[in-house]
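Asks: Provided below are the primary sequence and the corresponding predicted coordinates.
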Amino acid sequence: MDKKIRQWLIVLILLFMSLILVSFLALAFGSSQIPITEIIDILLNQKGTASYHILMGIRLPRIIIAIAVGGSLGLAGTLLQGMFRNPLVEPYTLGISGGASLGVCLTIIFGLHARIGVVAYPLSGFLGAGLVIFAVYVLSLESGALKPHSMLLTGVMISFVSSSLVMLLMAVSKSDDLHNIVFWIMGSLDEPDLTLITIVSIGAILGLVISLFHCHSLNAMALGEEQATFLGVDTTRTKKILFITASMLTGLSVSVAGIIMFVGLIVPHFMRLVIGADYRILVISSFLGGAVFLILCDLFARIIISPLELPVGVITGIIGGIVFIYVLGKHQVSL
Amino acid sequence: MSKTILELNSLCTGYNQAKILDNISFKANRGGMVSILGPNGSGKTTLLKTIAGAINPMGGQILLQNQNTQDIPLKDRSRKIAVVMQFEQAAHMTVEEYVMMGRLPFFKPFQFFETQKDHDMVDKYLELTDTLGLKDLSFNQISGGERQLVSIARALVQEPMLLLLDEPTAHLDIGHQKQILDLIHTLKERLNISVVIVLHDLNLASEYSDTLVMIDAESRTVFAQGTPEAVMTKEIIQQVYHTDVLVMKHPITARPAVFTARQKTTQEAKSYGKNIL
């Protein structure tokens, strides 16, 4: 078998094993400890007990959301970095998460969810994210080529504008809505709504499948868009599809978990170091890596000051900020 | 099989609304090499990109074996035309991965992995370009000359009938310049493909090409075209480049060669009543 394919397989197996391992850890630890060795027994034979409800009703849904959201964000970061050919872009630094959060806030304020149901959150997140990606792309085209610094600055400014607008909405909103917004903005993987969990999970898998179909094009685009065209890649069409995919992944994640920073930066960067820049493996490994990373971060967020919980964004924000500065220094991207 | 691979008929091209080149016509034959010459900013690269399909022509026709290139589907076109631009970039790929990109046009829908044939092709052209030893290095680690060779290998695994090159010898020392042009010269005959190349160096163009196409920056069109002997004359070069030069025959190959002289030398000679250039 090809040496490269063997390496890819090893990485995939390791990632799967890590995913199972951290999932079990996340099932076991929390405000009440459940011994790892008993988990399977409880799930199979002790239906109806308190432990069973904690596992099935609270911890398992949370792990599923962590997999969907972490995978989505890792994948969205990989796609954006591929299309913009810039190692520092990801949903948060491009302001896409900000746009999605603005969309979700508007939904809360105008009570859209009461009219069209819980679907309103992911939908408004998707629209907000899509608008920002479109704006960043058009603005960076206007200012010449897709220059790394102009794009990042545009993204950061869009983040500022959207978080200011969110604050404006908070200032003028009723106290009920205010509570909802604050609760959601803190960013947590605690989501009781089964429909929302299902939507986000399906969205994540759909995003992964679409990305896998376009990994050859992403590889070619690493040679520059023009050269990709010479290699027979329809770059305009690829970018359209992948921008929509990245908005969907980000929008869904933000609508269920609030803004979780830098997962899309840390995970693809780490995966590139481990397995190289081939998008065929990078797309899958970033998805799995994002899932593992977010489950771990959430586990820390839950146990550090237990029984209280930290917002998971605090953990990813601290790690991500440091990685960002490191990457910035290494690639000497001028800001 | 028709000898003509590429035919431009009064091609007009440019960016957005700005017309950069007008009324360009020439032909490129199988096994032949056409060099596009002209001063900086005369639109040589724009012309090459238009032929390659990155810029849509504003008028006229680009015919590839009598078929309008715009009517050829993108993927088919990439199996017929390969392009080496001046600054090739490759993120963090190895040389092998980079050259493998040239096989992309041959991937079938839903094909995820490269076939054994793809691997063999990559090895074959790495060997032909004498870069097989670089296979596992990162594209960003190798030197400028090696990058050009590897880029040519990547273009050749596309199995094109037309190879377009934008100043492949720019920024290279004389040894690498000769190595690359010798390679292109040998391969075009061996693979029976047509080469259209943008060159800055008049002497190299004269030495290696069958046809020269001289573009003038002011009239934005072809000033002269034909054999090196017909195009590389003192008068044409003076008018296109606004520089006095001396054109002589290469002592061995008898192709025209261009010489310039320092301004001071030229002026001194003039003051003695001699016009050396």
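Replies: Looks like it arrived, so ask away. Numbers count the residues shown, from 1 in each chain, chains lettered A, B, ... in the order given.

Asks: near chain A, which residues of the stretch 151-277 of chain B?
Replies: Listed as neighbours of chain A in the stretch 151-277 of chain B under the rule C-beta under 8 Å from any C-beta of the partner chain: B:Gln158. In short, each C-beta sits where N, CA and C put it, glycine included.

Asks: what about whatever residue of the stretch 151-277 of chain B ends up closest to chain A, neighbour count?
Replies: Residue of the stretch 151-277 of chain B nearest chain A, by C-beta to the nearest C-beta: B:Gln158 (7.6 Å). A count of nearby residues for B:Gln158, using other C-beta atoms under 10 Å in any protein chain shown, gives 25.

Asks: Pull up the per-residue confidence for the residue nearest to it when sequence neighbours are not counted.
Replies: Distances taken as C-beta to C-beta, 6 or more residues apart in numbering or on different chains put B:Ala82 closest to B:Gln158, at 4.1 Å, once the chain neighbours are dropped. pLDDT, B:Ala82: 97.

Asks: Kindly confirm my reading that B:Ala82 is in a strand.
Replies: Yes - note on B:Ala82: a strand contains this position according to DSSP: H, G, I helix; E, B strand; the rest coil.

Asks: hang on, the earlier thing: show me the contacts for the residue of the stretch 151-277 of chain B closest to chain A.
Replies: Contacts for B:Gln158 (C-beta atoms under 8 Å, 6 or more residues apart in numbering or on different chains) come out as A:Leu231, B:Ser78, B:Arg79, B:Ala82, B:Gly102, B:Arg103, B:Pro105.

Asks: Which strands or helices does the helix or strand bottoming out on mean pLDDT in chain A pack on?
Replies: Ranked by mean pLDDT, DSSP states H and E, the weakest helix or strand in chain A is helix A:175-185, scoring a mean of 79. Secondary-structure packing of helix A:175-185 (3 or more C-beta pairs under 8 Å, 6 or more residues apart in numbering or on different chains; DSSP states H and E): helix A:96-110, helix A:148-172.

Asks: pLDDT weak spots in the chain?
Replies: Answering for chain A, as no chain was given. Counting by pLDDT under 70, chain A has low-confidence residues at A:1, A:142-149, A:331-335.

Asks: Chain B, not that one
Replies: B:1-2, B:91, B:266, B:272-277.

Asks: Just give me the longest helix of it.
Replies: When chain B is scanned for its longest helix (criterion: DSSP state H), the result is helix B:174-190.

Asks: okay, the angle between the next helix or strand after that one and helix B:174-190?
Replies: Next along the chain after helix B:174-190, taking DSSP states H and E as the criterion, comes strand B:194-198. Here strand B:194-198 points in a direction 150 degrees away from that of helix B:174-190 (axes from the mean of the first three to the mean of the last three C-alpha atoms, to 10 degrees).

Asks: Mind putting the helices and strands packed on helix A:175-185 into JSON lines with mean neighbour count and distance to A:Tyr279?
Replies: Listed next are the helices and strands packed on helix A:175-185 as JSON lines, based on neighbours: other C-beta atoms under 10 Å in any protein chain shown; distance: least, C-beta to C-beta, whole Å:
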{"stretch": "helix A:96-110", "mean neighbour count": "26", "distance to A:Tyr279": "20"}
{"stretch": "helix A:148-172", "mean neighbour count": "17", "distance to A:Tyr279": "19"}
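
Asks: And those helices: which comes nearest chain B?
Replies: helix A:148-172 (13.3 Å).

Asks: Could you see whether chain B lies near that closest one?
Replies: No - Helix A:148-172 does not reach chain B (C-beta under 8 Å from any C-beta); its nearest approach is 13.3 Å.

Asks: For chain A, what's its nearest residue on chain B.
Replies: Counting by C-beta to the nearest C-beta, chain B gets nearest to chain A through B:Ser78 (3.3 Å).

Asks: For burial, what's the neighbour tally of residue 51?
Replies: By default, I'm working from chain A. Using other C-beta under 10 Å, A:Ser51 is surrounded by 17 other residues.

Asks: try chain B instead
Replies: Neighbour count for B:Ile51, taken as other C-beta under 10 Å: 25.

Asks: about what we covered before: bridge partners for the residue nearest to B:Gln158, pull those for me.
Replies: Note on B:Ala82: beta-bridge partners B:Leu163, judged by DSSP bridges.

Asks: Please verify my assumption that it contacts B:Ala153.
Replies: No - applying C-beta atoms under 8 Å as the test, B:Ala82 and B:Ala153 come out as separate, 10.5 Å apart.

Asks: quick one, helices of chain B?
Replies: With helices called from DSSP H, chain B shows them at B:44-52, B:74-77, B:95-100, B:116-128, B:144-156, B:174-190, B:202-208, B:228-231, B:234-241, B:263-271.

Asks: CSV for these, including distance to A:Ile181?
Replies: Putting the helices of chain B into CSV (distance: least, C-beta to C-beta, whole Å) gives the following:
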stretch, distance to A:Ile181
helix B:44-52, 50
helix B:74-77, 47
helix B:95-100, 47
helix B:116-128, 54
helix B:144-156, 52
helix B:174-190, 63
helix B:202-208, 68
helix B:228-231, 72
helix B:234-241, 68
helix B:263-271, 74
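
Asks: which stretch among these comes nearest A:Val263?
Replies: Nearest of these to A:Val263, taken as C-beta to C-beta: helix B:95-100 at 26.6 Å.

Asks: right, is that closest one up against chain A?
Replies: Yes - using C-beta under 8 Å from any C-beta, helix B:95-100 reaches chain A at B:Glu97, B:Tyr98.

Asks: Could you do stretch B:52-66 as well?
Replies: Yes - between stretch B:52-66 and chain A, judged by C-beta under 8 Å from any C-beta, the touching residues are B:Ala52, B:Gly53, B:Ala54.

Asks: Report how many residues lie close to the nearest residue to the last one once chain neighbours are set aside.
Replies: In space, not counting the residues next to it along the chain, B:Ala54 is nearest to A:Glu226; the distance is 4.9 Å by C-beta to C-beta, 6+ apart. Using other C-beta under 10 Å, the number of residues around A:Glu226 comes to 17.

Asks: residue contacts, A:Glu226?
Replies: A:Glu226 neighbours (C-beta under 8 Å, 6+ apart): B:Lys49, B:Ala54, B:Met85.

Asks: what sits up against stretch B:32-41?
Replies: Stretch B:32-41 has contacts (C-beta under 8 Å, 6+ apart) with B:26, B:28, B:44, B:47-48, B:184-185, B:188, B:194-200, B:202, B:205, B:208-217, B:223, B:231, B:240-241.

Asks: Before I go, just wanted to say thanks for your time.
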